[in-house]
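# Requesting a structural model of the entry that follows:
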Amino acid sequence: MRWVYWLGWMSFGAAFRTLFGLRIVGQENLISEGPVLVASNHQSFLDPPLIGNLYKTEMVFLARKTLFVGFFKWLYPQWNAIPVDQDRPDMASLKTIIRKLKEGERVLVFPEGERTQDGSIGTAAPGIGLIAVKSGAVIQPVRISGAREALPRGSGRIRFARITVSVGPAIRLSPQELRDASNKEGYDRIAKRIMSAIGAL
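Numbers count the residues shown, from 1 in each chain. The predicted structure is shown next:
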């Protein structure tokens, strides 16, 4: 790991274990080699480093482009964050994610697009299905529990809550599934399958 990424990885990991008693379930399901599309529910700003700490090598994240200001304009790229316009998502962002996966990277995507308000798992946008089909990457479903209690949406105050990250069996789309999912309906079908796998954890 590059030193900036490594420093963040070490610092967040120590904080998660100390403050939140981080528990990882299903760690044996982690795909640690090759391109992996990591798909997780979204509870809190804590979620990206929580997922990042599952792996001992670097991965790519998405972040709101409005966060890339001042010092963070330098820091976020060091943490492999790609700026995304949440209000007007475009094909350029999707193409960047697909390219990163085809280059063999591990990429984290939150299919819901935004943090939950009440802790429930929302509906996935078809974009996650498009990414899965166009990249052909292995899909790693992950579910986060407790992060919303630790840092709720709209709050800037950390609360002490037990956080659990559950890792599910990888999803590998068959050649037939990839051929059949070549339009918006097909992408939506794959997106629902991914969210169903997350919800089952």
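# Now do the lengthiest strand in the chain: everything it contacts.
Secondary structure assigned by DSSP state E gives strand 138-145 as the longest strand of the chain. Identification of contacts with strand 138-145 by CB atoms under 8 Å, 6 or more residues apart in numbering yields 29-31, 34-44, 47, 50-51, 54, 121, 132, 163-173, 194, 197-199, 201. (Each C-beta comes from the backbone N, C-alpha and C, glycine too.)
# repeat that for 6 Å
With contact meaning CB atoms under 6 Å, 6 or more residues apart in numbering, strand 138-145 is reached by 31, 36-41, 43, 47, 132, 164-168, 170-172, 197-198, 201.
# Repeat that for stretch 162-180.
Where contact means CB under 6 Å, 6+ apart, the residues beyond stretch 162-180 that reach it are 20-26, 29-31, 50, 133, 138-147, 186, 197, 201.
# how much distance is there from that stretch to the middle of the chain?
13 Å (CA atoms, centre = their mean, to the nearest Å).
# List the buried residues for it?
Of all the residues in stretch 162-180, those buried under the rule 16 or more other CB atoms under 10 Å are Ile163, Thr164, Val165, Ser166, Val167, Gly168, Ala170, Ile171, Leu173, Glu177.
# And stretch 118-125, by the same measure?
Across stretch 118-125, burial judged by 16+ other CB under 10 Å covers Ile121, Gly122, Ala124, Ala125.
# Tell me which residues touch the first one, please.
Translated: Ile121. Ile121 makes contact with Asn41, Gly199, according to CB under 6 Å, 6+ apart.
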